[in-house]
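A.B. asks: Here's my sequence, what's the structure:
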Amino acid sequence: MSRDDQQKDRQKVEGETKILATFDRLTQLDNGLIGSLVDDADALLAEARDHMVAMLEKLAYVDDVRHPMASSLHFCAIMLSLYLALRSRGVDPHDFGNRLLSLLREQNEANPPPALSEPAPALAAAAEQPVKPGQFAFDVINGEADSYSMTVTSCAVCALFAQYDAMDLVPYMCASDDVMSDAGGQGLRRRGSIALGADHCDFVFVKGGEPLRLADQYSEKIKFVS
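C.D. replies: Numbers count the residues shown, from 1 in each chain. Predicted structure coming up:
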């Protein structure tokens, strides 16, 4: 095995370890995400972790967890693993998605995220790199002062969730960006997303601006009841 192959294997193992540690940290919190939906939380979490382990074999960015889009995909993968275990117990994607958005809003009210800043150079640089299967394809446009836009033309979350026939849950993953934007006063405006039938995701951030939320436009697909 070459030195490059050894390094890639090491990075993959390190990435898998980090993602599973994040899974454990998120699911060990007594936040009501699971307990509010089922009675057998311990068994469900064990099943969800098995799903997460199985996903790691083909999950994008496992060997590149520092990629600026990696954490978004890996968070969504963790939510997918939980949903797959919930689905086997008859839980509707809207029930899980709505509970997730409500919980994120509650947590952000208690601990607001950082204010909007211009995209890091790493994000713009990553947009110029060749796109591997299962990754995001996107462009970043720097705007004036505290505004910028990002256009996603290929969605890694959609690619992953489609493998598990879980596309009904993806709009809630999209809407979580709106929840984060609201908490940080980022003024995110979008008219659609790939998961909602558009040919791209149009992110436009304007600090302090009036948001245009997906849940307000696609209430039949994002049933957000706070």
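
A.B. asks: For stretch 92-106, give the mean pLDDT please.
C.D. replies: Mean pLDDT, taken over the full extent of stretch 92-106, equals 93.

A.B. asks: List the buried residues for that stretch?
C.D. replies: By neighbour count with 16 or more other CB atoms under 10 Å, stretch 92-106 contains the buried residues 93-94, 96-105. Every residue, glycine included, has its C-beta placed from N, CA and C.

A.B. asks: how distant is stretch 94-112 from the center of its chain?
C.D. replies: Centre-to-centre, stretch 94-112 and its host chain are 13 Å apart (CA atoms, centre = their mean, to the nearest Å).

A.B. asks: what sits up against it?
C.D. replies: The contact list for stretch 94-112 (CB atoms under 8 Å, 6 or more residues apart in numbering) reads 31-33, 36-37, 79, 82-83, 86, 168-169, 171-172, 175-176, 179-180, 182-184, 215, 222-226.

A.B. asks: Going toward the C-terminus from the helix or strand that contains Thr22, what's the next helix or strand?
C.D. replies: With elements taken from DSSP states H and E, the one containing Thr22 is helix 3-28. On the C-terminal side of helix 3-28, the nearest following helix or strand under DSSP H and E is helix 41-55.

A.B. asks: ok, and what's touching the next helix or strand after that following helix?
C.D. replies: With elements assigned by DSSP H and E, the helix or strand that comes after helix 41-55 is helix 70-87. Residues from elsewhere that reach helix 70-87 (CB under 8 Å, 6+ apart): 19, 22-23, 26-27, 33-34, 37-38, 44-45, 47-49, 51-52, 55, 59-61, 64-65, 91, 93, 96, 100, 136, 156-157, 160-161, 164, 166, 169, 173.

A.B. asks: same question, stretch 6-24
C.D. replies: So stretch 6-24 is contacted by 1, 48-49, 52-53, 56, 59, 61-65, 74-75, 77-78, 81 (CB under 8 Å, 6+ apart).

A.B. asks: Buried subset of the residues you listed, written for PyMOL?
C.D. replies: Applied in PyMOL, the following selects the buried portion of the contacts of stretch 6-24 according to 16+ other CB under 10 Å:
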select buried, resi 48+49+52+56+59+61+62+63+64+65+74+75+77+78+81
